[in-house]
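[1] Sequence and predicted structure are below.
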There are 4 protein chains.
Amino acid sequence: MERVRLGVLGMGRQGQIHSKNIAYRIPEAELVCVSDVTQERAQQVGIDGVETYDDYRRLIDRGDLDGVVIATSTDTHEEVIKAASEAGLHMFCEKPIATSLAAIDDVLETVRKAGVKFMVGFNRRFDPTFKHVWELVQNGTVGNPMIVNITSRDPQPPHLEYLKVCGGIFFDTTVHDFDMARYLSGKEIYEVYAAGSVLVDKRIGELGDLDTTMVSLKFEGGTLGSINNSRQTGYSYDQRVEVFGSNACAFGNNETPTRVEYTNPKGTHSDVPLYFNIERYPEAFYGEIQAFADCIKNDTPAPVTGEDGRKAVVLSMAARKSYEENRPVKITEIG
Amino acid sequence: MERVRLGVLGMGRQGQIHSKNIAYRIPEAELVCVSDVTQERAQQVGIDGVETYDDYRRLIDRGDLDGVVIATSTDTHEEVIKAASEAGLHMFCEKPIATSLAAIDDVLETVRKAGVKFMVGFNRRFDPTFKHVWELVQNGTVGNPMIVNITSRDPQPPHLEYLKVCGGIFFDTTVHDFDMARYLSGKEIYEVYAAGSVLVDKRIGELGDLDTTMVSLKFEGGTLGSINNSRQTGYSYDQRVEVFGSNACAFGNNETPTRVEYTNPKGTHSDVPLYFNIERYPEAFYGEIQAFADCIKNDTPAPVTGEDGRKAVVLSMAARKSYEENRPVKITEIG
Amino acid sequence: MERVRLGVLGMGRQGQIHSKNIAYRIPEAELVCVSDVTQERAQQVGIDGVETYDDYRRLIDRGDLDGVVIATSTDTHEEVIKAASEAGLHMFCEKPIATSLAAIDDVLETVRKAGVKFMVGFNRRFDPTFKHVWELVQNGTVGNPMIVNITSRDPQPPHLEYLKVCGGIFFDTTVHDFDMARYLSGKEIYEVYAAGSVLVDKRIGELGDLDTTMVSLKFEGGTLGSINNSRQTGYSYDQRVEVFGSNACAFGNNETPTRVEYTNPKGTHSDVPLYFNIERYPEAFYGEIQAFADCIKNDTPAPVTGEDGRKAVVLSMAARKSYEENRPVKITEIG
Amino acid sequence: MERVRLGVLGMGRQGQIHSKNIAYRIPEAELVCVSDVTQERAQQVGIDGVETYDDYRRLIDRGDLDGVVIATSTDTHEEVIKAASEAGLHMFCEKPIATSLAAIDDVLETVRKAGVKFMVGFNRRFDPTFKHVWELVQNGTVGNPMIVNITSRDPQPPHLEYLKVCGGIFFDTTVHDFDMARYLSGKEIYEVYAAGSVLVDKRIGELGDLDTTMVSLKFEGGTLGSINNSRQTGYSYDQRVEVFGSNACAFGNNETPTRVEYTNPKGTHSDVPLYFNIERYPEAFYGEIQAFADCIKNDTPAPVTGEDGRKAVVLSMAARKSYEENRPVKITEIG
C-alpha cells in the first residue's frame, strides 16, 4: 500500500482537525475527500486537491478509499457505520459510538461481520503525558497499580443548549475518564459508586444534570480508584492522572503554554494550564489519526477498539444508576 | 500568668517530643515534670530540672500545674482525663480520646463539667503546609470548596503486633484524614462510602484489616471528597491535600529533605519526600503544643476540641461500616 | 494583498522547516516555489503545487513573489541578498548575514537602498517561553533588569567537519545568546569579558576552538549579565534564561516532552529536557516565519532587523578578542 | 570524653543561635558558659545552669572547657584567638577571621603552633541543600565540574551604618559565595574578573560600594564559574547554586516556608522563598556547631579550616581589585 487513502465525514471542529492532520502531518496517509451536510462547510476545509461532498454516501461509494473518519453527529453514527461496513471501509469513529447499548452492540456486530478495523476516538490515550504514564505502568516502573486517581475538570460549562442533549456529565465527561482509568491501569472496573452535586450553576441542576462529581472505582484484582469531575475550574482545563503502584507513584500533570515562572514579593508564579481540549490535546488528536492510519497500513489491530468504546458507555451508565440510587453498582448490572 | 506550667504523662516517642518542645522551644511554657509507669523512661527525658514520677497520679496531685499533656496508651485515657478533670487541669490529649463512643461521650461530659480546656492531638492541622491551605480557604482565595482530595500513605506497614491492636486502618490512619477533610473544608461530612483492599501484605488481610482504601465523602452543602490510604508506598510518607474551590485549586504537597535536583541523561531527579511522621511533622508537633500553651495562657478556646476528636472517630466507624456492608453510610447512623 | 507569496531558497533542514510552515500553518502566506542547487532536494520538499528550481536566480526573477526566505549556505548570502534586493523582494535571512563585518555592512546598505524589509532568523525570540519572559520585562512585571543570566548548552558537539568551518563557539553558539541578552533586557551591551576552556573534547581545542565558555556582560545603564555555553551536556539541550529585575526575577526554563513525574524509593523523576533545537524550537521556527509574513502583509517593520544581526556578530567578535587577550573588550573596539 | 564542654563568646544574634543549638540540640556537647561585654546580654541567653561573664578572659581562664565559639565583633578576633590558643582551647570562629591578610596569617600561625582545632563559620556548607549538591559532586553523580553558577541575593540592603563598616559587597557577601564555589567544585579558583553596578540605592554608590555584581571565575583544571550578587531582591533571600558537570547538572534551589501552591485564573502560585539567613539557614547554623563538637569529640580535622577562611578573603580582595582596575586578577597577585 502506497499511502492510506482517507475520507473525513463531518466538518465540525473535530472533523477539520482530523482533516488537517491527515493532509499535513501524516505522510503515510492522504486526505482524498471530505463531506458535510452543508457543502460550504466541507469546502471551507480549504486543503488543495481535496474533493468535497454534501452527501456522505457519495463519499463512501467512491470505491477508492481505504478508510473513513466519522466525525458526524452522534445520532448519525449507526447509519454511517453500517454504510461504511458494507463498503468494506476501515473506520475511525468519534465517541460515543451510539447512545444506547442496543445500538452499540448492533453496530459492533455489523463491524465484526464486515471484518474491517474499527477504532474509537478516545484521544487522550494519545496525549504524550498520559501515554508516558501508561508506559511506566507497562514497563514495570510503577509495579502493580493499587490506586488510580483521575482529575478531569473543564474551564467552564458548555452552553445550556449543549447540556440539554449531551446525556449528562457521566456520559459527556466521565466517559473519557473511565476509558483513561482502564487504559492506565490495564485492568477492568467491575463496580462504581458515584456521588454528585450542583455547585457551579443551578440551571445545570434544573436540567437534571450534575456539575461536580466523585466516582469511586473498584478494579479486578483489588485496585481502587477515583474520578473527580467539575464543569468549571475558572482557570482552565485541569487534566491530571495519578497511578500509585507497588513500585512507584506516577503523575501525569497539566501542560502550560510556557515554562516561565517569576518570583516577586507575592510569591512564585507560573502559567495557568492550557485552556481547553483544543489547546491541551493537539498532539493527541494528531496521534490518534496517525495510529489509525498506521493500523490500516500495517494491518495491525486498532489500538482503541469498539469494545473499549462500549465499556466506557457501560461505566457511565453504571455511574448514573449509582448516583440515582445512591449505592455501588456492579457493571454486570448494566450489561 | 508568668509561664504556663505543664507536665507530660507518658514518655513514649510522642511524650518525649512534647517534653522537648515545651522545655526548649516554647518560652511561654515550662516543663515542670513528666511521668511514666517505668520511672527509668521518665528519667531518660534528660532535661535539667524536670521532676519525674512513675505514678501519673502523683504528678496530677502536685497542685502547681496549669495543664497536662496526655501521651499515655489509649486504654488509660479515660482514667487519666477524669483524674486531671478533677484536679482542674487543662488537657492536651493524644488521639483517639477513647476507643468506644460511649467512653468518649463520658469523658467529654466530664471535661465539660470541669470547665477545663481540652485539646486533641490532631497534629497535622499545625503542619505549615496544610495550615497554609486552610488559610487560603479561610481568606477566600479558594472560594467555596467543591472537591477535597486527600492522599495519606505510609512508607511501610507497622509491625503485625501493632496492627492487631490499632483498631484497623480506618481508625489508625483515615481518622487523621477525616479530621483534615473537616479542617480544610470548614464543613461537616454527613455520609461516607468506603472501599478497601489488601494489596500490600496478605497477613494484614488475615487480621481482618485492609491496607489500601478509598473513601468517598459527602459534605454539607454539596462539597464532595475522597481520601485514599495505603500502608506502603515503598518510598516514604505521601501526605498531600487538594482543595478545589470556586476561585482556585489549592495543593498541599510533600516536603523533601532538600531542594536539590539534578538532570542527567535519564531525567531530572529530586529527593524522595521526608520519610515518615517524625521527619515530616516536627513543626506540627511543636505547633500543637505551642497552641495548647497559648490557649491556656490567653484563656482562648482550644483550637482542636474534644468534639473534633469525637467526630473523627465517628467518621472512622462509619467508614468501617460502609466497607463491611458495601453501601454509603450516613454519619447519623453511628451517633 | 490576498496571501503573501513566498519562495524559499535552500532546501537544507532549515529550508524544509520553513517551507512546511509556510505551506501548512500560515493561512496568510502561500509557498509558491523553492530552490536548491540540487534540484532533487528541492523536489523532495513534496508539497503539492510548489514549483522547484535548481537556480535561485530563476526563482527571484519570477516577478510574482512578495518575499523570499534565504536558507542557503552562509557564503552565498551576500550574492543572494543583493539579487533579491534588486528584485525588490522582502527577505528573511538565516543568521549570520555574512562572516565579515564589511560584507554585513555592505549588504545592509544594499537592503536599505532597496527599501525592502529584511528580517534575520533569530528564532529563539519566537520561542513561547522566552517571548513570555520578554513580555514580563516589557509590561513592567520584572521592573528594571539588573542581572541577565543565560544558559545555552548543546546535548553534544557537532561533527569535527562542521566545527572546522563554523567560526568557533562564540560565532556559532554564543551569537544566539548575545541576541537573547539584548532582546530580553531591551538594552545594549557595551563591554564583554570572555573566559573559555576545552573540557569536552581535546580535538575541539586542537582546532583552536573552545567547548566551555563564560561571558560576562555589561549593558548600558549598569545592568550586568552572564552567558555560559557548553558543547555537551550529555542529557539534552539546556536553554534557560533569567532576568532579575527591580520588581521580580523571571525564569525561562527548559521544556520537556511530557509532564510526567514519578516517585520511587530513589527520588522523584521527570523527563529530560527536549533533545535539541529541532525538538525545542518548532514553535519558534513557525513563529518567526509567521512574523515575517505578517510584517509583509501589514507593512510593519521586521521584528528582528539586519542591525540586530550585525550586533550579535560584533558581540561575538568582541568575545573572541576578549578571550584571546584575556581582558574586557568594549564593543566600540570592534566597530 | 563525656560531653564536649563549650563556651560561647559574644551574645549577639549569632552567639545566641550557637548557644541554643549547643544547649538544646547537641547531646554530645554542653554549654558551660557564655560571655558578653554587656553582662545583661549574656544573662539574656536564659538557659538554665549556664554561667555568664562580662569579660571573655575569665571564661577562657576557667580551665575546664574543651573549646570556644567566637562570635564577638571582628575587630576582637585577633586578640581572642590568641588568648584561646594560649589556653589550648579549640576554636570555632565566625568569618572573617580578620580584616587584613597580615592579621589572618598571624593568627593562623598562632593557632598552628598551639595545635588546637580552628574552624571558620562558613555555615552555608552545612545547609542540607548545598551539602547534598556537594555530595552529588563527591560521589561522581555530577562528574567533572565544568561550570559553577552561584546566585546570592539579599532581600534588602543592610542599614547604611552597617554598609559603612562591612568592607564592601565583595567582603561582606561574595566572600560566602567564593567559599561555596571552592566547596562545591572541590577546586581552587586562580583568577577572577569582577563587574559591578549601583542599581539598588545611590547612597550605596556614594559610600564607594556596589549593590549589584557579577564575578567571573576560573578554576584550576579549566572549570569556569560565575557569582552574581544583589543587595535587594524585594522578595526574599535568593540563594541558589548550579554545578554543571560531565555527567549531570545539579541544582540547589531555594527553600520555601511551605509546599503549597494554588492555581487560579492568573496562574499557579507558590510561596516566596524564605526571607533571610535566619529563616533559610537554621539547619546550617546547627550543623556547623554540631560539626565543631564532633571534630573535638572524635579528634578529627575541622571541616572548614583557617586556610578556607583565608582563601575566601583573598578572593574577595582579588574581586575588589579586578573591579577597580577592570581587568582579570590572578589570586597570586594578592598573596
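    Arrived safely.
[2] Next secondary structure element downstream of the lowest-mean-pLDDT helix or strand in chain A?
    Ranking every helix and strand in chain A by mean pLDDT, DSSP states H and E puts helix A:39-44 at the bottom, with a mean of 86. Per DSSP states H and E, the first helix or strand lying C-terminal to helix A:39-44 is strand A:51-53.
[3] How many neighbouring residues does A:V68 have?
    28 (other CB atoms under 10 Å in any protein chain shown). Where C-beta positions appear, they are placed from N, C-alpha and C, glycine not excepted.
[4] Was I right to think it contacts A:E94?
    No: with contact defined as CB atoms under 8 Å, A:V68 and A:E94 do not form a contacting pair (11.7 Å).
[5] Let me know whether A:K20 touches A:I47 as I believe.
    Yes: judged on CB under 8 Å, A:K20 makes contact with A:I47 at a distance of 7.2 Å.
[6] Those two: who's more crowded?
    A:K20 (20 against 16).
[7] Name all residues that make contact with that one.
    If you count contacts by CB atoms under 8 Å, 6 or more residues apart in numbering or on different chains, A:K20 has them with A:45, A:47, C:24.
[8] Same question for A:N264.
    Taking CB under 8 Å, 6+ apart, one finds C:141, C:247-249, D:234-235, D:272 in contact with A:N264.
[9] Skip the chain neighbours and tell me the closest residue to it.
    Nearest residue to A:N264 in three dimensions, chain neighbours excluded: C:A248, at 3.7 Å (CB to CB, 6 or more residues apart in numbering or on different chains).
[10] Would you agree the one you found is in contact with C:P145?
    No: contact criterion CB under 8 Å: C:A248 and C:P145 do not qualify, at 10.5 Å.
[11] Can you tell me the closest non-neighbouring residue to the residue nearest the centre of chain A?
    With distances taken as CA atoms, centre = their mean, A:F122 lies nearest the centre of chain A, 2.8 Å away. With sequence-adjacent residues excluded and distances taken as CB to CB, 6+ apart, A:F122 is closest to A:D179, at 4.6 Å.
[12] For the one you found, give me its contacts.
    By CB under 8 Å, 6+ apart, the neighbours of A:D179 are A:122, A:124-125, A:304, A:308, A:311-312.
[13] Contacts only, for A:T173.
    A:152, A:154, A:229, A:231.
[14] quick check, stretch A:187-199 touching chain B?
    Yes: against chain B, stretch A:187-199 shows contacts by CB under 8 Å from any CB of the partner chain at A:193, A:195-199.
[15] ok, how many other residues are close to A:Q239?
    The burial count for A:Q239: 27, using other CB under 10 Å.
[16] And the one 4 residues further on, by the same measure?
    For A:V243, the tally of surrounding residues (other CB under 10 Å) stands at 29.
[17] swap in A:R112?
    12.
[18] Could you do A:R259 as well?
    Number of residues near A:R259 (other CB under 10 Å) recorded here: 21.
[19] which residues touch the residue nearest to it when sequence neighbours are not counted?
    In space, and not counting its chain neighbours, A:R259 is closest to C:N253: 4.1 Å by CB to CB, 6+ apart. Contacts for C:N253 (CB under 8 Å, 6+ apart) come out as A:259-261, C:129, C:240.
[20] go with 10 Å
    Residues in contact with C:N253 (CB atoms under 10 Å, 6 or more residues apart in numbering or on different chains) are A:258-261, A:270, C:129, C:133, C:239-242, C:273.
[21] A:P128 now?
    A:P128 neighbours (CB under 10 Å, 6+ apart): A:252, A:255, A:281, A:283-284, A:287, C:256-260, C:271.
[22] of all those, which comes closest to chain B?
    Using CB to the nearest CB, C:D271 is the member of those that lies nearest chain B, at 5.8 Å.
[23] quick one: buried residues of stretch A:286-301?
    For stretch A:286-301, burial by neighbour count (16 or more other CB atoms under 10 Å in any protein chain shown) applies to A:286-296.
[24] Let me fix that, I meant to ask about stretch A:56-67.
    By 16+ other CB under 10 Å, the buried positions in stretch A:56-67 come out as A:56, A:59-60, A:65-67.
[25] can you check stretch A:237-250 too?
    Of all the residues in stretch A:237-250, those buried under the rule 16+ other CB under 10 Å are A:237-250.
[26] Same check on stretch A:97-104?
    Using 16+ other CB under 10 Å as the test for burial, stretch A:97-104 gives A:97-99, A:104.
[27] Among the residues you listed, which one lies nearest to D:K321?
    A:I97 (78.1 Å; CB to CB).
[28] just to revisit the earlier point, just flag the most distant two among the buried residues of stretch A:237-250.
    Longest span within the buried residues of stretch A:237-250, CB to CB: A:Y237 and A:S246, 30.8 Å.
[29] thinking again about what came up before, correct me, but the residue nearest to the centre of chain A touches A:V304?
    Yes: counting by CB atoms under 10 Å, A:V304 is a contact partner of A:F122 at 5.1 Å.
[30] For these two, list the residues in contact with both.
    Common neighbours of A:F122 and A:V304 (criterion: CB under 10 Å, 6+ apart): A:95, A:179, A:183, A:288, A:312.
[31] would you turn those into a markdown table with secondary structure and pLDDT?
    Compiled in a markdown table, the shared contacts of A:F122 and A:V304 are given as follows (DSSP: H, G, I helix; E, B strand; the rest coil; pLDDT from 0 to 100):
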| residue | secondary structure | pLDDT |
| --- | --- | --- |
| A:K95 | coil | 92 |
| A:D179 | helix | 98 |
| A:Y183 | helix | 98 |
| A:E288 | helix | 98 |
| A:A312 | helix | 97 |
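[32] still on that earlier bit, and the residue nearest to A:N264, how far from chain B?
    Using CB to the nearest CB, to the nearest Å, we find C:A248 at a distance of 20 Å from chain B.
[33] So what's the residue count around A:E283?
    When neighbours are defined as other CB under 10 Å, A:E283 has 18 of them.
[34] That one sits in which helix or strand?
    Element membership for A:E283, per DSSP H and E: helix A:282-297.
[35] Just the CA trace of that helix, in CSV.
    This file holds the C-alpha atoms of helix A:282-297, laid out as CSV (Å, rounded to 0.1, in the frame of the first residue of the first chain):
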residue,chain,number,x,y,z
PRO,A,282,-3.4,18.8,19.7
GLU,A,283,-0.8,16.0,19.8
ALA,A,284,-3.4,13.6,21.0
PHE,A,285,-5.7,14.4,18.1
TYR,A,286,-2.8,14.0,15.7
GLY,A,287,-1.6,10.8,17.4
GLU,A,288,-4.9,9.0,17.2
ILE,A,289,-5.3,9.6,13.5
GLN,A,290,-1.7,8.6,12.9
ALA,A,291,-2.4,5.4,14.8
PHE,A,292,-5.5,4.8,12.7
ALA,A,293,-3.5,5.3,9.5
ASP,A,294,-0.8,3.0,10.9
CYS,A,295,-3.1,0.2,11.8
ILE,A,296,-4.6,0.2,8.3
LYS,A,297,-1.2,0.5,6.6
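[36] helices or strands next to that helix in the packing?
    If you count contacts as 3 or more CB pairs under 10 Å, 6 or more residues apart in numbering or on different chains; DSSP states H and E, helix A:282-297 packs onto strand A:4-9, helix A:13-20, strand A:29-35, strand A:67-70, strand A:90-93, strand A:118-120, helix A:128-138, helix A:277-280.
[37] Only the buried residues of the last one, if you could.
    Meaning helix A:277-280. By neighbour count on 16+ other CB under 10 Å, the buried set for helix A:277-280 is A:277, A:280.
[38] which residues touch it?
    For helix A:277-280, the external contacting residues (CB under 10 Å, 6+ apart) are A:13-14, A:17, A:123-124, A:127, A:129, A:154-155, A:176, A:236-239, A:254-255, A:257, A:273-274, A:284-285.
[39] For A:K266, which non-adjacent residue is spatially closest?
    D:V272 (7.1 Å).
[40] So the one you found lies in a helix, does it not?
    No: read with DSSP: H, G, I helix; E, B strand; the rest coil, D:V272 is coil and lies in no helix.
[41] tell me the contacts of it?
    By CB under 10 Å, 6+ apart, D:V272 lies in contact with A:263-268, D:155, D:233-238, D:254, D:256-257.
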